[in-house]
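Student: got a structure for you, letters missing:
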């Protein structure tokens, strides 16, 4: 499992957290499917109505174009994505068109969790879930963290001080 | 003032008639679906299965309530529930943050009350005592407060023993004003109308038949009498006015029903508020559990020179509901001077007018006007295409958009001093949100592509118990440098650093 993976050798340090290279593929696939469906919704009716091309070819074109745009979009997303482990919290920068910077103070973190799906386990990575007591931004997920780093981050983020929840 | 009983190690049970109240609560949950099934169901087998299940559930909870015991220990409350499936819960006094009491007419007839003890987190209360004798409940509440005061600070015990300080009491005249402002009647009527419609899907016109008949009859008479257009217009206007007045009257009635005898009290470090004509709901919470404070000022509020003040309280059920006995309203209606005095007394906050308000980006109104402006342009183009020149009338929407956007940008401000962050927005209807910097949970700075083009950014702040869909601190259209500075300060303060 993760023992032999390249990511597991990494140790947690303050600064930008490493992002597993496979995340690019995962994000590209997710966006690719979305764009492919969007393109198909336009291309297929057009090809039926205007007889531009046979439907299977229209679908193939939509999938190819969707995957291409998805890949480009994911490349931009990866370039702009940065989750940083700071002394007093976590700072997440993300987004290409709609950008956001999110700061979660360590003192406000109620609990953290490390999740691994089948692909995560295969590639030795995990996502770290950070939960606060808020209601609008109460759950923040950091995907694609190398598993060893994720486990260290999970433990490092828990503030053991009592009465630090801001209530 | 009830005497504070000594902690004894014997177990106590609920009031002997508790089963009645548990049954009523259960039935209320079950009754509505039951009635709907019986009245509107089509006799499907699964509907009767559901009824059988519901009845069984009610019976089970009845038996369950008989197994409820509680014991006041030295520093904890021990609650035992259940007969077949026994649960023993130790609730340390220090963990009980909010105490909510509720008593309706039936409770009062039996001289009992329902008590809910809530801890800091979680959705379920730590203990629900349904129901206790009023004297027992008073004694338990007094004991809890005395214990906690003794735990936190020996000096504060005196403050607990002294009488409560009444911060606000709403006389009937204020409740009438509140009713006129709140217009709950409209919501209730609309809700009833929607529900009625919902349960008659097969014949949606049937419920409209009666009012339609009235209207037809009225118009028949009008036609028979050959009234002039003027008479009909005046008659119609009077009818609308009458309807409007009736709705407002209903609102006033509802306001009195919910908030009759409303009092806000300060008891040591706790705030308590409650009222009600038939069902008396009283909620209390420690002041340091208050999160974001909200002040509403609609156009009607301003005509009456009033505002409304409510709060989010950490812990307990998220969907804060003043009917459940949770502290929510601090002042359903009060003058701006009273609101400022309350803010100063409760939180030591400066008045709403005294906060150092800062404006948004100078071009914020243009951003605000852009989309509605585009809408009116397209609407006008479309209408002109279909109906000719009269469609150009839609262009009158444009100046309105500009005026309202400028009005909004003129009022919308944020303020931060060394303790508080505040945000106000609106134009005719105005809202304020105020939160202590130490209560900030998460800070977000976001930029849309449009923001980036105008060198703007938004700041959003998350707090405990905030209504995810309600008004909060979400400051749009800030100059980007100012937003970054604010983000840095808020992040620092959320960490507890200066």
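Tutor: Ah, there it is. Being a predicted model, the structure only gives us computed values, none of them experimental.
Student: surely residue A:96 and residue A:77 touch.
Tutor: Yes. Look at residue A:96 against residue A:77 with CB atoms under 8 Å: they come within range, at 5.5 Å. (C-beta placed from N, C-alpha, C; glycine too.)
Student: now stretch A:14-32: buried residues?
Tutor: A:17-20, A:22-24, A:26-28, A:31-32 (16 or more other CB atoms under 10 Å in any protein chain shown).
Student: how about these in a markdown table, adding secondary structure?
Tutor: Below are the buried residues of stretch A:14-32 laid out as a markdown table (DSSP: H, G, I helix; E, B strand; the rest coil):
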| residue | secondary structure |
| --- | --- |
| A:17 | coil |
| A:18 | coil |
| A:19 | coil |
| A:20 | coil |
| A:22 | helix |
| A:23 | helix |
| A:24 | helix |
| A:26 | helix |
| A:27 | helix |
| A:28 | helix |
| A:31 | helix |
| A:32 | helix |
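Student: now chain A against chain B: closest residue?
Tutor: Of all residues in chain A, residue A:134 sits closest to chain B, at 3.6 Å by CB to the nearest CB.
Student: pull the contacting residues for that residue.
Tutor: Residues in contact with residue A:134 (CB atoms under 8 Å, 6 or more residues apart in numbering or on different chains) are A:108, B:441-442, B:462-464, B:466.
Student: who does it bridge with?
Tutor: residue B:464 (DSSP bridges).
Student: what pairs with the host helix or strand of residue B:311, parallel or antiparallel?
Tutor: If you go by DSSP states H and E, residue B:311 is part of strand B:307-313. Partners of strand B:307-313 in the sheet, by DSSP bridges, are strand B:290-297 (antiparallel), strand B:329-334 (antiparallel).
Student: please see if stretch A:79-99 touches chain B.
Tutor: Yes. Using CB under 8 Å from any CB of the partner chain, we find that stretch A:79-99 touches chain B at A:88-89, A:91, A:95, A:97-99.
Student: now the buried members of the residues you listed.
Tutor: A:88-89, A:91, A:95, A:99.
Student: what does chain A have sitting close to chain B?
Tutor: So chain A meets chain B at A:88-89, A:91, A:95, A:97-108, A:110, A:132-138, A:140, A:164-167 (CB under 8 Å from any CB).
Student: what about residue B:111, neighbour count?
Tutor: 13 (other CB atoms under 10 Å in any protein chain shown).
Student: what separation is there between the residue nearest to it when sequence neighbours are not counted and chain A?
Tutor: Leaving out its chain neighbours, the residue that sits closest to residue B:111 by CB to CB, 6 or more residues apart in numbering or on different chains is residue B:134, at 5.6 Å. For residue B:134, the distance to chain A equals 30 Å [CB to the nearest CB, to the nearest Å].
Student: check the spacing between residue B:134 and residue B:101 real quick.
Tutor: Using CB to CB, to the nearest Å, we find residue B:134 at a distance of 9 Å from residue B:101.
Student: joint contacts of those two?
Tutor: Contacts common to residue B:134 and residue B:101, judged by CB under 8 Å, 6+ apart, are residue B:113.
Student: those two: who's more crowded?
Tutor: Shown here are residue B:134 and residue B:101; by other CB under 10 Å, residue B:101 has more neighbours (23 against 18).
Student: now do the SS call for that one.
Tutor: strand.
Student: point to the residue nearest the middle of chain A.
Tutor: In chain A, the residue lying closest to the centroid (CA atoms, centre = their mean) is residue A:143, at 4.2 Å.
Student: stretch A:104-117: how far from the chain's middle?
Tutor: Centre-to-centre, stretch A:104-117 and its host chain are 15 Å apart (CA atoms, centre = their mean, to the nearest Å).
Student: skip the chain neighbours and tell me the closest residue to the residue nearest to the centre of chain A.
Tutor: residue A:127 (4.4 Å).
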